[in-house]
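**Q** sequence and predicted model, in that order:
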Amino acid sequence: MKIKEVIVVEGKNDTNVLQSYFECDTIETHGTHLSKKTLELISQAQESRGVIIFTDPDYPGDMIRKNINDSIKNCKNAFIEKEKSKTSKKVGVEHANKQDLEEALLNCVTFEDYHQSDLTMQDFFDLKLNGNEESSALRKIIGKELKIGESNAKTLLKRCQMIGITRKDLMTLIEKNKK
């Protein structure tokens, strides 16, 4: 499978694994501190070919993703579940199998500046996505269904708003997953 966009990853192991399965180019961030030079390179890639941000499903990966999305608009975002990308000691893109990586890359989302969502944090409380014993598990299901990754309530709300998910959409997803 050939990937047109440049994939932004955290390190060389991610690059090696992706290039063993796909015909692709990558930019490595080399950690959570994004240098000005790296951001400029990502920006140039976004202008010429497009960018897919594919960071690890952990706190540092989320910080890198947020920093890039805040600096460079309309990047695609690929998410992989923790369970599909971990060993007994580590979590990361490099630990996922080809099928799971391909699924993540085929289901990218782009976060837009404008919000066409009516979701609020109060909705998250009402729908038991925050402040409830089952909130974490429910957020995990929603993140998986929407292919936007596992996150805390505040981040999930922002991601849902940015892709235009409405309260009604969330209610439908929650009902579907109760069955």
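**A** Received the coordinates, thanks.
**Q** how far off centre is stretch 127-134?
**A** Distance of stretch 127-134 from its chain centroid, counting by CA atoms, centre = their mean, to the nearest Å, is 22 Å.
**Q** can you point me to the longest strand in this protein?
**A** Of all the segments of type strand in the chain, defined by DSSP state E, the longest one is strand 2-9.
**Q** so which bits of whatever helix or strand comes next after that one are buried?
**A** Beyond strand 2-9 in the direction of the C-terminus, DSSP states H and E gives the next helix or strand as helix 12-21. Across helix 12-21, burial judged by 16 or more other CB atoms under 10 Å covers 14-15, 17-18. (Each C-beta comes from the backbone N, C-alpha and C, glycine too.)
**Q** one more: stretch 89-102?
**A** Buried, per 16+ other CB under 10 Å, within stretch 89-102: 91-96, 100-101.
**Q** out of those, which is nearest to Glu40?
**A** Ranked by distance to Glu40 (CB to CB), those are led by Val93 at 23.1 Å.
**Q** might one say that the closest one is in contact with Ile7?
**A** No: checked against CB atoms under 8 Å, the pair Val93 and Ile7 is beyond contact range at 9.3 Å.
**Q** what sits in contact with each of the two?
**A** 18, 54 (CB atoms under 8 Å, 6 or more residues apart in numbering).
**Q** ok now do Leu138, which residues does it touch?
**A** So Leu138 contacts 127-129, 132, 174 (CB under 8 Å, 6+ apart).
**Q** of the residues you listed, which belong to helices?
**A** Within those, residues falling in helices by DSSP state H are Ile174.
**Q** between the contacts of Leu138, which is closest to Asn74?
**A** Nearest member of those to Asn74, counting by CB to CB, is Leu129, at 26.7 Å.
**Q** I'd like the distance between the most centrally placed residue in the chain and Ile42.
**A** Centroid-nearest residue in the chain: Phe79, 3.7 Å away (criterion: CA atoms, centre = their mean). Taking CB to CB, to the nearest Å as the measure, Phe79 falls 18 Å from Ile42.
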